[in-house]
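>>> what follows is a protein structure lacking sequence information:
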């Protein structure tokens, strides 16, 4: 897979995190790119989110660079607004572009003052290090409690022209996207207008990032930003572009759920037969957020009663006597009652790294949705009881 | 504290649970009592809940007995309706009362057929064992993953007359009441009409059972039932009665939260300054359900950023710059920013069995609510990864 043309990447250690691991990164388009982003719906919004939204408004959906740091969320601090603005201005100056063409993003601890001086000091080395091949280095620099780097790629063909989409993301805890979660950056050399980019990104996010949960918490800094610089010279049909982008975002979202803090398993929940897609999504989300379901999966316990109980709490009408549940393809519940299955065989199957729950309401409802989560293990507690210390 | 007059209690081991510990219990009023109950709002409702609601309708708010078993929820099974009806009829016959005067309740695993024959076989010994002093034995018989027996008492005086209220409850996991959770039984010898009992119970539940959470899951069998037999000859003023009942239910609810599966600490969350009480309750509930807040409490980590972030996800409008947060009486956040506090000292204080979080929005909002939850420890996972096996 080739990377999109016309982008360069760089990362350095600026001293923001305690451990010496790159914590400041830059993604640059050689020409002003169409840009769109989706942000957290949390009422508490970090200054970099506020500034990125403002910059997109002022630039009318154009950007040249994404400046991102890990180790500090730059949220709920006295100097947050000033630090975000100063670092964006410094980066813009170093790159020779307008300040509104730089989109800031931050991730890390909330409520600790961020030292903007560290970023200013690190910027020359960062800009000097820009390189078309360093995509993976940036993907590594944005990680916090993530245990693996998360990237996804797609190729779009139109006649003899080819465009690429490349995405990276981070996130492992405080994960239940609402519009977007954590950080995700996608670049493409397809030619797409800002307006089309905005609407396509929004729809693709709704079926990818907005359908995962690790622990039901939406962070204050969630941002998925996208740059389309048109360097391939190819302008894809909106539908083709949306399908490819959805694939990339779905892959990134699944990678987040699989790498959920302490998780051993990726759980795919498929709900069918609801009256509406929204109803199916709500049922799937409620199952995905149930600690009782998630601990049962951790224990490889085919406890379908907890799945039925969780679905009953979703606030969506359905007749329990019409519910069929499958786990790993094995029928465990038919018409709301226990199916005849081998508990021992299914326990073994549930030991695999990928678990599938199918929740189907018999009848004519056409509403269906897929949702992704992870199992809930003792390690989640261990990681989060001492994150700051 | 004396028990209310005119009630008798009994419990036996009927062989429903795997371990030999009383699992079938009876609470009997010597005369038909005014009766009221609140039930789960889960869409999946267990047959004993359906039957208890129906019996209260037919009897117009009267009952003589509560028949309860632990070890099996009698939910999502082929024979659930039949078993519930047959056991209620058998108990009514043994007690010499109308079937609609017996309220059934069940708790335990979902989706496993319940053997009604075991209850029928055990009934003669159960009825023969009825005794005015065995209140605590019944409170023990209804326990499942509970580690302590949960009871609460109140006395109401009116002139020279005295009436008693005695309550018992169980519950440790699958706890986020919506109208009621788990099982709770309250008896009183005050004279209260069924209509007053219904309205007072509903209001008292709203500020007690409906304000606790362990893991955000509402069970299929939740029931709080109350009998008032008037044996004291005293008819309390409704306000006095409601205040005493609220005290009893608040104590029972707090005992459930403190005994949450794997919990080491009871966490009291107090929200002030919201526009409405409902808004305050929603913010408190969202903080109480945040795994990130609950794991921080488990680790004695004064991570107020997670509290602010959780509140921001409640869907209630507030200005983050007006938020003050205290933990254990120590200011940790003022005006949405870090307060100056000793992290080490507060860590020590957070090691206590009772933790207090105060979330206050500065301004003139009069909406306030208290909410109770527990910390989230590795033991919750351990207990729930292998509940059935």
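In hand now; what should we look at? All figures in this text were calculated on a predicted structure; none of them were measured in a lab.
>>> how is chain A partitioned into domains?
Split into domains by automatic domain parsing, chain A comes to A:7-258, A:266-384.
>>> pick out the shakiest of those, pLDDT-wise.
The minimum mean pLDDT among the domains of chain A belongs to domain A:7-258 (a mean of 89).
>>> count the neighbours of the closest residue to chain B within the stretch 51-200 of chain A for me.
The nearest approach of the stretch 51-200 of chain A to chain B comes at residue A:110, 3.0 Å away (CB to the nearest CB). The way it works is simple: take the backbone N, C-alpha and C, and place the C-beta from them, glycine included. Neighbourhood size, residue A:110 [other CB atoms under 10 Å in any protein chain shown]: 25.
>>> how about the nearest residue to it once chain neighbours are set aside, what does it touch?
Spatially, and ignoring its direct neighbours in sequence, residue A:110 is nearest to residue B:305 (3.0 Å; CB to CB, 6 or more residues apart in numbering or on different chains). Residues near residue B:305 by CB atoms under 8 Å, 6 or more residues apart in numbering or on different chains: A:73, A:75-76, A:109-111.
>>> would TSV of those with secondary structure and distance to residue A:97 be doable?
Below are the contacts of residue B:305 laid out as TSV (DSSP: H, G, I helix; E, B strand; the rest coil; distance: CB to CB, whole Å):
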residue	secondary structure	distance to residue A:97
A:73	coil	25
A:75	coil	26
A:76	coil	30
A:109	strand	30
A:110	coil	30
A:111	coil	32
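>>> farthest-separated two in those residues?
A:76 and A:109 (10.0 Å; CB to CB).
>>> higher neighbour count, the two?
residue A:76 (27 against 18).
>>> so what's the backbone phi/psi at that one?
Dihedral angles of residue A:76 (phi, psi; degrees, to the nearest 10) stand at phi 60, psi 50.
>>> likewise for residue A:47?
Main-chain dihedrals, residue A:47, degrees, to the nearest 10: phi -50, psi -40.
>>> how about it: what's its closest non-neighbour residue?
Spatial nearest neighbour of residue A:47, excluding adjacent residues (CB to CB, 6+ apart): residue A:80 at 3.8 Å.
>>> how about residue A:196?
Sequence neighbours aside, residue A:238 is the residue nearest to residue A:196 in space, at 5.7 Å (criterion: CB to CB, 6+ apart).
>>> surely residue A:341 is in a strand?
No. Looking at residue A:341 with DSSP: H, G, I helix; E, B strand; the rest coil, it is coil, so not inside a strand.
>>> ok, how many other residues are close to it?
Neighbour tally, residue A:341, other CB under 10 Å: 16.
>>> residues contacting it?
By CB under 8 Å, 6+ apart, the contact list for residue A:341 reads A:302, A:330-332.
>>> buried stuff in the longest helix along chain A?
Identified as the longest helix of chain A according to DSSP state H is helix A:238-258. Using 16 or more other CB atoms under 10 Å in any protein chain shown as the test for burial, helix A:238-258 gives A:241-242, A:244-258.
>>> now swap in stretch A:158-172 and tell me
Neighbour-count burial for stretch A:158-172 [16+ other CB under 10 Å]: A:163-172.
>>> what's the answer for stretch A:346-364, then?
Judged by neighbour count (16+ other CB under 10 Å), stretch A:346-364 contains these buried residues: A:346, A:349-350, A:355-362.
>>> the lengthiest strand in chain A close to chain B?
Longest strand in chain A by number of residues (criterion: DSSP state E): strand A:24-39. No. Using CB under 8 Å from any CB of the partner chain, strand A:24-39 stays clear of chain B, coming no nearer than 12.8 Å.
>>> so what secondary structure elements neighbour the helix or strand that that strand is followed by?
The helix or strand immediately downstream of strand A:24-39 is helix A:47-58, counting by DSSP states H and E. On a contact count with 3 or more CB pairs under 8 Å, 6 or more residues apart in numbering or on different chains; DSSP states H and E, helix A:47-58 meets strand A:24-39, helix A:80-95, strand A:102-109, strand A:223-228.
>>> now with 10 Å, please.
Helix A:47-58 is packed against strand A:24-39, strand A:62-72, helix A:80-95, strand A:102-109, strand A:223-228, with contacts defined by 3 or more CB pairs under 10 Å, 6 or more residues apart in numbering or on different chains; DSSP states H and E.
>>> give the buried residues for that helix.
A:47-49, A:51-53, A:55-56.
>>> tilt between it and strand A:223-228?
40 degrees (axes from the mean of the first three to the mean of the last three CA atoms, to 10 degrees).
>>> surely residue A:157 and residue A:163 touch.
Yes. The criterion here is CB atoms under 10 Å, and residue A:157 meets it with residue A:163 at 8.1 Å.
>>> now the common contact residues for the two.
Common neighbours of residue A:157 and residue A:163, using CB atoms under 10 Å, 6 or more residues apart in numbering or on different chains, are A:234, A:236, A:240, A:244.
>>> dump the residue contacts of the nearest residue to the first one once chain neighbours are set aside.
Yep, that's residue A:234 we're talking about. In this structure, residue A:234 finds its nearest non-sequential neighbour in residue A:161, 3.7 Å apart by CB to CB, 6+ apart. Contact analysis of residue A:161 by CB under 10 Å, 6+ apart lists A:190-191, A:232-236.
>>> which of those has the most neighbours?
Neighbour tally across the contacts of residue A:161 (other CB under 10 Å): the maximum, 28 neighbours, falls on residue A:190.
>>> take the helices and strands packed on helix A:47-58 and write them to CSV, including distance to residue B:39.
As requested, the helices and strands packed on helix A:47-58 are exported to CSV (distance: least, CB to CB, whole Å):
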stretch, distance to residue B:39
strand A:24-39, 41
strand A:62-72, 48
helix A:80-95, 47
strand A:102-109, 43
strand A:223-228, 42
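>>> determine which stretch of the ones you listed is the most buried.
Comparing the helices and strands packed on helix A:47-58 by mean neighbour count (mean count of other CB atoms under 10 Å in any protein chain shown), strand A:223-228 comes out on top with a mean of 28.
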